[in-house]
Structure formats: C-alpha cells, structure tokens
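In: Compute the structure for the input listed below.
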Amino acid sequence: QVQLVESGGGLVQAGGSLRLSCAASVHTFSAYAMGWFRQAPGKEREFVAAISTNSGFTLHANSVKGRFTISRDNAKNTVYLQMNSLKPEDTANYYCAASSRRATTLGHDYDYWGQGTQVTVSS
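Out: Numbers count the residues shown, from 1 in each chain. Okay, here's the model as predicted:
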C-alpha cells in the first residue's frame, strides 16, 4: 500500500510560481513511476507530468511544457512539480499518483492517488 500526500498548493497571481510536493509513505518509492494530474471544476481529470523511477524519462503535457517541471528525490520519497509562469487556466486540484508499471499520460496506469492540493491562479 502506498500513501501519497500532496502539499504546496495555494493562491497565486498570474505569472507567479508554486512548487508542489508529494510525499510517499512506502519503502520502495524508487520502484514507482510518478505522475501529476489535475482536475478543474466541471472538467475531466487531465495529465500534467510524469517521471520514471530513476528520473531518466519525463513527460509533460503540451499545455505546461516549458513552464512546469517534474522531478523526484528518491532519498526523500518525494516527487515535485515546479510551476512557473502560472496562468488562470492552471487553476485546479492537483493530484500525484504512483504507478508500478511505467510513467505514462494515462490515469488508469496509476495504482495509487493522493487527495490533492488546490492551486488557484488569479488574473
């Protein structure tokens, strides 16, 4: 069982930055690919970014490419999402997820999910 706890969300003005963290309570964190997804009110969940077990491979959605960066620290059992140049359309609840298979854009490939952290970007 993997428990994931996100933190770092909040209210920020457009153009600002936030760094989200996701702490995993599992002994084998390095065995899991990790991903970030988001869901805005009234919209479907969408992929944001993913990272492989050893950080050798990353994926970013086109909508965040060049602004957001996913990274991980296996020694701290934590995955991060650095978000720069935030836009009002980035407003959503952000979730981290763990996959025992691979880093993908598909939600159904992920086995465990956190409760989410809210990010609100004001214009």
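In: Span of stretch 82-97 from start to end?
Out: End-to-end distance of stretch 82-97 (Cα to Cα, to the nearest Å): 16 Å.
In: and what of stretch 7-27?
Out: End-to-end span of stretch 7-27 (Cα to Cα): 20 Å.
In: And that stretch, what's buried?
Out: Neighbour counts using 16 or more other Cβ atoms under 10 Å place 8-9, 12, 18, 20-24 of stretch 7-27 among the buried residues. Any C-beta I mention is one placed from the backbone N, CA and C, and that applies to glycine too.
In: Would you convert those into a markdown table that also reports distance to residue 52, secondary structure and pLDDT?
Out: Below are the buried residues of stretch 7-27 laid out as a markdown table (distance: Cβ to Cβ, whole Å; DSSP: H, G, I helix; E, B strand; the rest coil; pLDDT from 0 to 100):
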| residue | distance to residue 52 | secondary structure | pLDDT |
| --- | --- | --- | --- |
| 8 | 22 | coil | 98 |
| 9 | 25 | coil | 98 |
| 12 | 29 | strand | 98 |
| 18 | 24 | strand | 98 |
| 20 | 19 | strand | 98 |
| 21 | 19 | strand | 98 |
| 22 | 15 | strand | 98 |
| 23 | 19 | strand | 98 |
| 24 | 15 | strand | 97 |
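In: Farthest pair within those residues?
Out: Greatest spacing in these, by Cβ to Cβ: 12 and 24 (25.0 Å).
In: Tell me which stretches of the protein form strands.
Out: Using DSSP state E, the strands of the chain run over 3-7, 10-13, 18-25, 33-39, 46-51, 58-60, 68-73, 78-83, 92-99, 112-113, 117-122.
In: Quick one: closest of those strands to residue 105.
Out: strand 46-51 (4.2 Å).
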